[in-house]
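Q: Structure of the sequence below:
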Amino acid sequence: MDEMLTLAKTGQWELIREKTAGCRDYDMGRAMEAEADLLEERMGRFMPVLNTMITVAPQNR
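A: Numbering: from 1, shown residues only. Predicted coordinates:
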């Protein structure tokens with residue numbers, strides 16, 4: 001998987017297709033979904049901080 005991520009970062013899409021042809025372990029849709037899940041989890045850690053900042057921010061009226 002690390003090799004595929006490295007190839008993706010450098011934009012070598014044809015090489016990725018060739019290496020993963022017929023392989024069920026490398027599904028681009030599942031890989032993107034897994035990455036989105038990780039990002040959502042990381043962002044969720046900071047939600048309490050953001051909520052507190054919004055709550056205590058002065059209101060301009």
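Q: Could you pull out the buried residues of the helix or strand of the chain with the lowest mean pLDDT?
A: Lowest mean confidence among the helices and strands of the chain (mean pLDDT, DSSP states H and E): helix 2-9, at a mean of 81. For helix 2-9, burial by neighbour count (16 or more other C-beta atoms under 10 Å) applies to 4, 7. The C-beta positions use only the backbone N, C-alpha and C, and glycine is treated the same way.
Q: List of residues touching that helix?
A: Here helix 2-9 makes contact (C-beta atoms under 8 Å, 6 or more residues apart in numbering) with 15, 16, 19, 20, 26, 31.
Q: Report how many residues lie close to residue 54.
A: 8 (other C-beta atoms under 10 Å).
Q: With the one 4 residues further on instead?
A: When neighbours are counted by other C-beta under 10 Å, residue 58 registers 5.
Q: Kindly provide the distance from it to residue 51.
A: With distances taken as C-beta to C-beta, to the nearest Å, residue 58 is found 16 Å from residue 51.
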